[in-house]
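Colleague: following is a predicted model, sequence given first.
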Amino acid sequence: MKRLLCVLLAVGLAACGTAGPPPRAAPDRPGCVTDFSAEQDYFPHRVRAEYAQGWQVRYERSYKVLKTTVQAAGGHAEAGSREIDSTYVLLRCGAPRPELTGELAGATVIEVPVNTMVDGGSVLYAALEKLGRADALTGSAEPFIGDVEAPYLPRIAERIKGGKVAEIGYEVNYEALADADPDFYTNYAGDDQTFSKIEELGIPVVYYFPYTETPLGAAEQIKFLSLFFDAEQRAQQVFDPIEERYTKLRARIDAYVAGKEKPKVLIGAVGESGTVTTRQRERFEPQLIRAAGAEPVPDLPGGGIAALSLERFLDAGADADHWMDLVFFPKHRTGADYIAADDRLARLPALKSGRTFHRVGARGSDYFLNGALEADLILRDLVHLLHPDLLRSGDDLQFVKRVPAE
């Protein structure tokens, strides 16, 4: 009820609190400290970011210091130069709160282990599923899971189907968010006013975005999320086999392309108006393509989304061997269909040679969910497309789909 009252004030631009939400009183729940000892280490299992650049964690005996940096507010072109740096104190519930001075000044305190969360970007479903904490999801930006994706996220899908996950929207519905009553809300994009209103509801905002990382850095999202559930041991058990398989495949790729000219992969999506959106070099797709032993074009600095004229895009793709179409909702079945819809695209050799692919594959939109976590599998997809002679296991694309010429 308190949060519902706050939401009415927040929407009316009145303040329900201070600059950051105060931590709620430690609940009487499993995992909370009942007899605190300053000498006891309350976190026997620990993780660290070995590949990710967007977050780092340091463990103290009764709390974790988590620092995050989100580039370009999630990569929106209009926020291309923006970074959000944040510090969080993940405090074992029931333990005394540390003094928030020095590097901790202004830090957001969140008591752990948490019970609930809202995924405001709908990008952490896979990490929740594999941590065994699908039950913690009380809200998300959009469901994002249909019949095709459901088998790969069965517990999340069941929870959404059962009406247990509120649809908060990207333009945040504050009343729905307050009703979801999460222990924290995570997102990567938005404006300061939106996030301030959420904090005024007493809901901590955690800034995180896995799509400005290398494939293994993005896969470390499971470590990141585990910090809030004290599920580090489980996260490491999931991550280690992914890392091992990915590393072995990378070694094979590196050996295969050594001394050869690397294929060029055009990256971008052509909009209805003819404007093209592409990814700057620190985004997930260019880093994935480089990991797969190829060169992304155009090669633009930064970690966001960039807009190009169609002419510049076609010039960049004139000598590209492949095209990674970033379309979210594919409309064309063949390269010929693309060209029939816009004959200017005939200048792209990748369309005529059947070397175009997009991100909606046999697993539907799971590229955007499990794809960023299962780094080894998504890398295999790219190898099948870019170096078909390297793997002998057959063309079993999962996350991406090839567009035939005809």
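Modeller: Sure, I can see it.
Colleague: which of the helices or strands spans residue 307?
Modeller: Residue 307 is located in strand 305-308, with elements delineated by DSSP states H and E.
Colleague: what residues of that strand count as buried?
Modeller: For strand 305-308, the neighbour count (16 or more other Cβ atoms under 10 Å) marks 305, 306, 308 as buried. Backbone N, C-alpha and C define where each C-beta goes, glycine included.
Colleague: so how far is that strand off the chain centroid?
Modeller: The chain centroid and the centroid of strand 305-308 are separated by 20 Å, computed with Cα atoms, centre = their mean, to the nearest Å.
Colleague: other SSEs contacting it?
Modeller: Contacting strand 305-308 under the criterion 3 or more Cβ pairs under 8 Å, 6 or more residues apart in numbering; DSSP states H and E are the following elements: strand 276-279.
Colleague: where does this protein have low pLDDT?
Modeller: For the chain, applying pLDDT under 70 flags the ranges 1-28, 72-81, 393-395.
Colleague: now do the contacts for the residue nearest to residue 36 when sequence neighbours are not counted.
Modeller: With Cβ to Cβ, 6 or more residues apart in numbering as the criterion, residue 36 has its nearest non-adjacent residue at 5.5 Å, and that residue is residue 95. Residues in contact with residue 95 (Cβ atoms under 8 Å, 6 or more residues apart in numbering) are 33, 36, 42, 62, 63.
Colleague: let's see it at 10 Å
Modeller: For residue 95, the residues meeting the contact criterion (Cβ atoms under 10 Å, 6 or more residues apart in numbering) are 26, 32-33, 36-38, 40, 42, 60-63, 111-112.
Colleague: most centrally placed residue in the protein?
Modeller: To find the centre residue of the chain, average its C-alpha atoms and take the closest one (Cα atoms, centre = their mean): that gives residue 210, at 3.7 Å.
Colleague: and that residue, how far from residue 375?
Modeller: Relative to residue 375, residue 210 is positioned 11 Å away (Cβ to Cβ, to the nearest Å).
Colleague: residues that sit against both of those two, list them.
Modeller: Common neighbours of residue 210 and residue 375 (Cβ under 10 Å, 6+ apart) are 217, 218, 219, 220.
Colleague: filter those residues down to just the ones in strands.
Modeller: Among the shared contacts of residue 210 and residue 375, none falls in strands (DSSP state E).
Colleague: those into TSV, with extra columns for neighbour count and distance to residue 236?
Modeller: Listed next are those as TSV, based on neighbours: other Cβ atoms under 10 Å; distance: Cβ to Cβ, whole Å:
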residue	neighbour count	distance to residue 236
217	22	16
218	25	16
219	27	12
220	28	10
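Colleague: what is the nearest of those residues to residue 99?
Modeller: Sorting these by how near they are to residue 99, with Cβ to Cβ, puts residue 220 at the top with 29.9 Å.
Colleague: who's the closest spatial neighbour of that closest one, skipping the chain neighbours?
Modeller: Computed as Cβ to Cβ, 6+ apart, the closest residue to residue 220 that is not its neighbour in sequence is residue 52, at 4.5 Å.
Colleague: helix, strand, or coil at that neighbour?
Modeller: With DSSP: H, G, I helix; E, B strand; the rest coil as the basis, residue 52 sits in coil.
Colleague: show me the contacts for it.
Modeller: 68, 208, 210, 212-214, 216-221, 223-224.
Colleague: need those residues in CSV (columns: distance to residue 272).
Modeller: As requested, the contacts of residue 52 are arranged in CSV below (distance: Cβ to Cβ, whole Å):
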residue, distance to residue 272
68, 35
208, 31
210, 29
212, 27
213, 30
214, 32
216, 36
217, 33
218, 29
219, 34
220, 36
221, 32
223, 39
224, 36
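Colleague: what is the most widely separated pair among those residues?
Modeller: Using Cβ to Cβ, the pair of the contacts of residue 52 lying farthest apart is 68 and 216, separated by 17.7 Å.
Colleague: can you list phi and psi of the residue nearest to residue 57 when sequence neighbours are not counted for me?
Modeller: The shortest distance from residue 57 to any residue other than its chain neighbours is 5.0 Å, reached at residue 66 (Cβ to Cβ, 6+ apart). Backbone geometry at residue 66, expressed as degrees, to the nearest 10, gives phi -110, psi 130.
Colleague: I am finished for the moment; much appreciated.
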